[in-house]
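> Please find the sequence and the predicted model below.
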Amino acid sequence: MGEEAVAVALYCFLKYPESFDKCVLRAANTNGDSDSIACIAGAISGAYLGFEAIPKHWVQRIQNKDYLIDLGIRLVKTREVL
């Protein structure tokens, strides 16, 4: 079943390669394991388009946002040391 989620997520990304929100919304509204499909599609789209493509009002609603931002900063700093 995991390979099906990846395939559908990739389809959603290819359908909307220049729109993070359209890609994720399409993925979230599929039949089946839609939350996993949306996560995978969002990861692909985000990697392709960058953080700036995520709608600002979505970013503001992320749970544990401050912790995740801090974690990201620490990961970048660790990468710079290596």
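Great, that's in hand. Numbers count the residues shown, from 1 in each chain.
> Check which helix or strand the most centrally placed residue in the chain maps to.
The centroid of the chain falls nearest to residue 42 when counting by Cα atoms, centre = their mean (2.5 Å). Remark: residue 42 resides in helix 34-49, with elements defined by DSSP states H and E.
> Beyond that helix, next helix or strand please.
Sequence order places helix 56-59 as the next helix or strand after helix 34-49, per DSSP H and E.
> quick one: average pLDDT of the helix holding residue 42?
For helix 34-49, mean pLDDT is 97.
> now do stretch 11-21
Mean predicted confidence for stretch 11-21 is 98.
> so how far is that stretch off the chain centroid?
11 Å (Cα atoms, centre = their mean, to the nearest Å).
> can you list contacts of stretch 43-54?
9, 10, 13, 16, 17, 18, 19, 20, 21, 23, 24 (Cβ atoms under 8 Å, 6 or more residues apart in numbering). Using the backbone N, CA and C atoms, a C-beta is placed for each residue, glycine as well.
> ok, now how distant is residue 69 from residue 51?
11 Å (Cβ to Cβ, to the nearest Å).
> Could you do residue 35 as well?
21 Å.
> For residue 69 and residue 51, work out which one has more neighbours and name it.
residue 69 (12 against 9; other Cβ atoms under 10 Å).
> CA-only coordinates of the helix or strand containing the more buried one, as PDB, when you get a sec.
Element membership of residue 69 [criterion: DSSP H and E] is helix 65-81. Output in PDB follows, covering the C-alpha atoms of helix 65-81 (Å, rounded to 0.1, in the frame of the first residue of the first chain):
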ATOM      1  CA  LYS A  65       6.000  25.800  15.200                       C
ATOM      2  CA  ASP A  66       8.600  27.400  17.500                       C
ATOM      3  CA  TYR A  67      10.100  24.100  18.400                       C
ATOM      4  CA  LEU A  68      10.300  23.000  14.800                       C
ATOM      5  CA  ILE A  69      11.900  26.300  13.700                       C
ATOM      6  CA  ASP A  70      14.500  25.900  16.500                       C
ATOM      7  CA  LEU A  71      15.100  22.300  15.500                       C
ATOM      8  CA  GLY A  72      15.700  23.300  11.900                       C
ATOM      9  CA  ILE A  73      18.100  26.000  12.900                       C
ATOM     10  CA  ARG A  74      20.100  23.500  15.000                       C
ATOM     11  CA  LEU A  75      20.200  21.000  12.200                       C
ATOM     12  CA  VAL A  76      21.600  23.600   9.800                       C
ATOM     13  CA  LYS A  77      24.200  24.600  12.300                       C
ATOM     14  CA  THR A  78      25.200  21.000  12.800                       C
ATOM     15  CA  ARG A  79      25.500  20.600   9.000                       C
ATOM     16  CA  GLU A  80      27.700  23.700   8.800                       C
ATOM     17  CA  VAL A  81      30.100  22.100  11.300                       C
END
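> Alright, I will stop here.
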